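K.L.:
The sequence and its predicted three-dimensional model are supplied below.
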Amino acid sequence: MAVESTEQTQEELILGFLSESGEDYTSGEALSGKLGLSRTAVWKRVEALRTKGYRIEAVPARGYRLVSVPDRLTSLEVVPLLSTHDLGRTLHHHDSIGSTNEVAFRLAQDGAEHGEVVVAEQQTAGKGRRGRAWVSPPGLNLYFSAILRPELPPQRAPELTLVTAVALAETLRDSGVAAAIKWPNDVHIDGRKVAGILTELSAEPERVHFVVVGVGVNLNCQADHFPEELRATATSLSIARGEKVHRALFAASLWTRLEEWLDLYLETGFDVVRARWKELSSTLGQDVLVRTDRNELRGLAVDIDPSGALLVQTEGGQVERVLAGDVEQLRPRQGPRAR
């Protein structure tokens, strides 16, 4: 196992060096010196990468050049693109699993560290809120769960959903679409759902042991990948942009943005997240119907409070605080513009 880990690290480093070189060639001698390997060992690692789908050109007296990479989400593709200090640095990749949240939860129970991420090419039992399924076709989208170990009291753990939503909406906006957040855990493009967040935790009354933040983002799926009943309400980044999305780049960008927001949140508190969430919200200012386990509530979504709960003003003028529920936005409005 240690040998496999060392070889993978060497392959990651080779990919990192070749990526940094862009269109230029990197000599075998330079790679050998940087890695502390013989040129024969470097050649063997390059051959191993080729068998995994990497196109690496070799020219005598010039060296190696990375031509293309496979559309995968393993550490070989993602880690060289990361600029995080923790998030995604340890990556548990699966071709197909039931649910990334379930796997991440078990890993966290077994001692997985803060920032470890479980990512899957396909989920066969993807989890949404309130027991719903998350449609997870293979090789098209981004399905991951991040293990976090914040120093927070359990009552503040729901704030992490809003932190994640802000990072997700900003990453989508950086990709050129007018993404907006629908309370409490969805991100939409033009009123259609493109991403969802599911947060689960293990805690004592006074402290959080760990939090698992699961995210599903529709990146490259098309309308016929959705069940017929979802085609009018779901979308993907590819549909919105009209072009294919580089999944590894998107994942690296999202994890970098998420870690930046997590660091800021843990350092300064929820107020800065709340302010940005409100700027990105598609829910505030809308007439809404909120369905909870106990009742239904109609009114105007006027704000989120300092803990992230939705504040709804009823027709009678009373302001109700909603901690959890399904929100239907009854009057569509012009969504936030991409910046």
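P.N.:
Looks like it arrived, so ask away.
K.L.:
For the chain, which segments count as strands?
P.N.:
Secondary structure of the chain (DSSP state E): strands at 55-59, 63-68, 91-94, 117-120, 142-148, 179-182, 186-189, 192-203, 208-217, 287-291, 296-304, 310-313, 319-322, 326-329.
K.L.:
So for residue 251, which of those sits nearest?
P.N.:
Residue 251 lies closest to strand 142-148 among the strands of the chain, at 5.6 Å (C-beta to C-beta). From N, CA and C alone the C-beta is placed, and that goes for glycine too.
K.L.:
could I have the closest one exported to PDB, CA atoms only?
P.N.:
The C-alpha coordinates for strand 142-148 follow below in PDB (Å, rounded to 0.1, in the frame of the first residue of the first chain):
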ATOM      1  CA  LEU A 142     -19.600  16.500  -9.400                       C
ATOM      2  CA  TYR A 143     -20.700  14.500  -6.400                       C
ATOM      3  CA  PHE A 144     -18.600  14.900  -3.300                       C
ATOM      4  CA  SER A 145     -18.700  15.100   0.500                       C
ATOM      5  CA  ALA A 146     -16.200  17.000   2.600                       C
ATOM      6  CA  ILE A 147     -15.300  16.100   6.200                       C
ATOM      7  CA  LEU A 148     -15.000  19.200   8.400                       C
END
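K.L.:
about what we covered before: pick the most buried one from the strands of the chain.
P.N.:
Highest mean neighbour count among those (mean count of other C-beta atoms under 10 Å): strand 117-120, with a mean of 27.
K.L.:
Centre of the chain to it, how far?
P.N.:
10 Å (C-alpha atoms, centre = their mean, to the nearest Å).
K.L.:
what does stretch 169-178 give?
P.N.:
For stretch 169-178 - counting by C-alpha atoms, centre = their mean - the centre lies 13 Å from the chain centre.
K.L.:
Now do it: distance from first to last residue.
P.N.:
Length of stretch 169-178, first residue to last, C-alpha to C-alpha, to the nearest Å: 9 Å.
K.L.:
just to revisit the earlier point, any chance of the strands of the chain in JSON lines with distance to residue 167 and mean pLDDT as columns?
P.N.:
Below are the strands of the chain laid out as JSON lines (distance: least, C-beta to C-beta, whole Å; pLDDT from 0 to 100):
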{"stretch": "strand 55-59", "distance to residue 167": "32", "mean pLDDT": "93"}
{"stretch": "strand 63-68", "distance to residue 167": "29", "mean pLDDT": "92"}
{"stretch": "strand 91-94", "distance to residue 167": "18", "mean pLDDT": "95"}
{"stretch": "strand 117-120", "distance to residue 167": "14", "mean pLDDT": "97"}
{"stretch": "strand 142-148", "distance to residue 167": "11", "mean pLDDT": "97"}
{"stretch": "strand 179-182", "distance to residue 167": "11", "mean pLDDT": "96"}
{"stretch": "strand 186-189", "distance to residue 167": "10", "mean pLDDT": "95"}
{"stretch": "strand 192-203", "distance to residue 167": "10", "mean pLDDT": "94"}
{"stretch": "strand 208-217", "distance to residue 167": "9", "mean pLDDT": "96"}
{"stretch": "strand 287-291", "distance to residue 167": "24", "mean pLDDT": "90"}
{"stretch": "strand 296-304", "distance to residue 167": "17", "mean pLDDT": "92"}
{"stretch": "strand 310-313", "distance to residue 167": "20", "mean pLDDT": "93"}
{"stretch": "strand 319-322", "distance to residue 167": "23", "mean pLDDT": "90"}
{"stretch": "strand 326-329", "distance to residue 167": "21", "mean pLDDT": "84"}
